[in-house]
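A.B. asks: Here's a sequence, model it:
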Amino acid sequence: MIKGLIHLNHILNFGTFPSPGIFGRVANAMFKILLQCGIEAVIKWVDDCIFIHYLSCHQANGTYEFTYLAELVWNITEELGWAWAPVKFVDFSMAFTYIGFQWDLSAKVVELPKKKKAKYLK
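C.D. replies: The predicted structure is shown next:
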């Protein structure tokens with residue numbers, strides 16, 4: 001911090017070896033900010049993230065309300081200049097890919113995605 005402003009060295013003077021650690025520090029700070037802004041739970045491994053929200057209300061018409069929506073994450077991170085890859089984004093779901101595995105929380109199953117299964121079987 002210099003004169004009240006945070007300055008990030010994005011040049012990686014010591015090569016790429018320390019870059020995961022450097023990214024991890026910045027990512028940890030981002031997730032602490034998100035948790036303070038109403039995001040209830042975040043699970044991350046390097047640059048893979050899962051945001052968890054909880055059911056707040058079950059409506060009589062069969063719909064659900066949750067404690068927050070994905071737009072909250074997008075709004076906070078956009079305001080802070082965090083660069084997400086929208087192509088990797090998946091809205092809240094009971095089935096998703098995380099750290100290279102396909103997770104299905106409803107079925108309580110974790111497996112390799114079909115493409116990876118074929119690769120390793122070959």
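
A.B. asks: The closest residue to residue 59 other than its chain neighbours: what secondary structure?
C.D. replies: Take residue 59 and drop its neighbours on the chain: the residue closest to it by C-beta to C-beta, 6 or more residues apart in numbering is residue 65, 6.8 Å away. Glycine gets a C-beta too; all of them are placed from N, C-alpha and C. Put simply, residue 65 is strand when judged by DSSP: H, G, I helix; E, B strand; the rest coil.

A.B. asks: Give me the domain ranges for the protein.
C.D. replies: 1-89, 93-122 (automatic domain parsing).

A.B. asks: okay, these in CSV with mean pLDDT and mean neighbour count next?
C.D. replies: Shown next, in CSV, are the domains of the chain (pLDDT from 0 to 100; neighbours: other C-beta atoms under 10 Å):
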stretch, mean pLDDT, mean neighbour count
domain 1-89, 84, 11
domain 93-122, 93, 11
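
A.B. asks: Am I right that residue 95 is in contact with residue 108?
C.D. replies: No: counting by C-beta atoms under 8 Å, residue 108 is not a contact partner of residue 95; they are 11.3 Å apart.

A.B. asks: before we move on, what SS does the residue nearest the centre of the chain have?
C.D. replies: The residue lying closest to the centre of the chain (C-alpha atoms, centre = their mean) is residue 49, at 2.5 Å. Under three-state DSSP, residue 49 falls in the strand class.

A.B. asks: What's the separation between the closest residue to it other than its chain neighbours and residue 64?
C.D. replies: Spatial nearest neighbour of residue 49, excluding adjacent residues (C-beta to C-beta, 6+ apart): residue 42 at 6.2 Å. According to C-beta to C-beta, to the nearest Å, residue 42 stands 21 Å off from residue 64.

A.B. asks: ditto for residue 34
C.D. replies: If you go by C-beta to C-beta, the gap between residue 34 and residue 64 works out to 22 Å.

A.B. asks: what are the ranges of the strands in this protein?
C.D. replies: For the chain, strands defined by DSSP state E occupy the ranges 41-45, 48-52, 55-58, 64-66, 95-98, 101-104, 109-111.

A.B. asks: Give me the contact list for the fourth one.
C.D. replies: This points to strand 64-66. By C-beta atoms under 8 Å, 6 or more residues apart in numbering, the residues outside strand 64-66 that reach it are 53, 54, 55, 56, 57, 58, 59, 92.
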